[in-house]
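[1] here is the input, now give the coordinates:
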Amino acid sequence: MNALQVALVGLVVFSAGAVGCASSIEGLYPPGPTELVKPIYVINHGWHTGIAVRRANIPEGVWPEHGDAADSEYLEVGWGAREFYMASEGTLGLALDAVLWPSPAVLHVVGFDGPVQQFFRQREIVEILVSDRGFQRLATFIGDAYAKDGSGRTMVVGRGQYANSRFYAAREKYSLLKTCNTWTARALRAAGLPITSLYAVSAGNVMDQTRPLGRRIDARAAEWVERFR
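    I've put the predicted structure just below:
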C-alpha cells in the first residue's frame, strides 16, 4: 500500500468516526416557525457536488459575481481542482495528481432558468429550506471563495461546461483534505446545517448528510411518486 492509499484509508476511517457528530448552528437552522426561508439545492454530479440558489435571493453586495449571469433565474456553483475540473474529460490520473499536493482550484458557476430538476435531469437533487440569515451566510461563503487580482476583481479562467457558465479562479487550493465535496459541506455548514466536512469524502457522503434535511426533487424521485399514486 503506497502513501496515497494509506492517506485515503486514514481519511475514510477518520471520516466514518465523525458521522453523527455535527449539530445545527443554533439560531440559523432549523428556521424558526415565523422566519423567512429560502430554498437551496444540493446537486450530485457523481464525482462532485454543487449548490444551486435562486439568483434573486442573493443579498446585494454579498456575492457580487452573481451579476455576471444577470439574465438567469438560478445559479449553480461548484468548486474543485483546476486541472481536473477544466479538463475535457476527467481521468483517474488527473484526480490523483490533484490530491497528491495542493494545487490551484476553480469555481464553476452556471446560470440557468428553472426548474432545477429540469436543467439537471440526470442528477440527484435535494432541496433544503434554510433561514434567511443562513442563506446570507452561505452566499457570503461563496463570495469569499473567489480569488481576486490586484484591483480586487475576480478572474475568469475559462468557459464552463454549459452554455451559460464560467470558471473562476478560487482563493483556496485543492488538496487531499480540501476537496470539491468538503467545500460543498463547508458551504452548507456556513448556512447552519448539521453537516460535517470530515464526512464528505465523496459526493455520496455529502448527499447522505443532506437527504434527511430536505426532499429529493430529481426526476427519479418524481417517477417514484407517480408510480405509487
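[2] give the contact list for Thr210.
    Taking Cβ atoms under 8 Å, 6 or more residues apart in numbering, we find Thr210 in contact with 42, 126, 128, 188, 193, 195. C-beta coordinates here come from the backbone N, C-alpha and C atoms, glycine included.
[3] so can I have CSV of those residues showing pLDDT, neighbour count and distance to Asp149?
    Below are these laid out as CSV (pLDDT from 0 to 100; neighbours: other Cβ atoms under 10 Å; distance: Cβ to Cβ, whole Å):
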residue, pLDDT, neighbour count, distance to Asp149
Val42, 98, 27, 31
Val126, 98, 23, 35
Ile128, 98, 22, 34
Leu188, 98, 29, 29
Leu193, 97, 27, 32
Ile195, 96, 24, 32
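[4] report the beta-bridge partners for the closest residue to Gln161 other than its chain neighbours.
    In space, and not counting its chain neighbours, Gln161 is closest to His108: 6.8 Å by Cβ to Cβ, 6 or more residues apart in numbering. Judged by DSSP bridges, the bridge partners of His108 are Gly78, Phe167.
[5] burial measure for His108, as a count.
    Residue neighbour count, defined by other Cβ atoms under 10 Å, stands at 24 for His108.
[6] now do Asp68 against Gly134, distance only.
    From Asp68 over to Gly134 the distance is 24 Å, taken as Cβ to Cβ, to the nearest Å.
[7] pLDDT below threshold where in the chain?
    Along the chain, segments meeting pLDDT under 70 span 1-21, 88-100, 221-229.
[8] more neighbours, Asp68 and Gly134?
    Counted by other Cβ under 10 Å, Asp68 and Gly134 do not tie: Gly134 has more neighbours, with 27 against 15.
[9] so that one sits right up against Arg189, yeah?
    No: if you go by Cβ atoms under 8 Å, Gly134 and Arg189 don't touch, sitting 10.1 Å apart.
[10] which residues are common contacts for the two?
    What both Gly134 and Arg189 touch, as defined by Cβ under 8 Å, 6+ apart, is the set Ile25.
[11] quick one on the thing from earlier: so the residue nearest to Gln161 touches Tyr162, yeah?
    No: assessed by Cβ under 8 Å, His108 is found out of contact with Tyr162, at 9.0 Å.
[12] so who does the spatially closest residue to Leu107 that is not a sequence neighbour touch?
    Excluding its sequence neighbours, the residue lying closest to Leu107 (Cβ to Cβ, 6+ apart) is Tyr168, at 4.5 Å. Tyr168 sits next to 65, 106-107, 109, 146-147, 154-157 when contact means Cβ under 8 Å, 6+ apart.
[13] buried only: go through these for me.
    65, 106-107, 109, 146-147, 154, 157 (16 or more other Cβ atoms under 10 Å).
[14] closest to Glu76 among those?
    Val109 (7.4 Å; Cβ to Cβ).
[15] that closest one and Tyr74, how far apart?
    Distance from Val109 to Tyr74, by Cβ to Cβ: 11 Å.
[16] and what of Arg166?
    15 Å.
[17] try Lys178
    26 Å.
[18] okay, these two: which has more neighbours?
    Tyr74 (20 against 17).
[19] torsion angles phi and psi at that one?
    Torsion angles at Tyr74 (phi, psi; degrees, to the nearest 10) stand at phi -130, psi 160.
[20] residue boundaries of the helices in this protein?
    3-17, 82-86, 92-100, 116-119, 132-143, 180-190, 203-210, 219-227 (DSSP state H).
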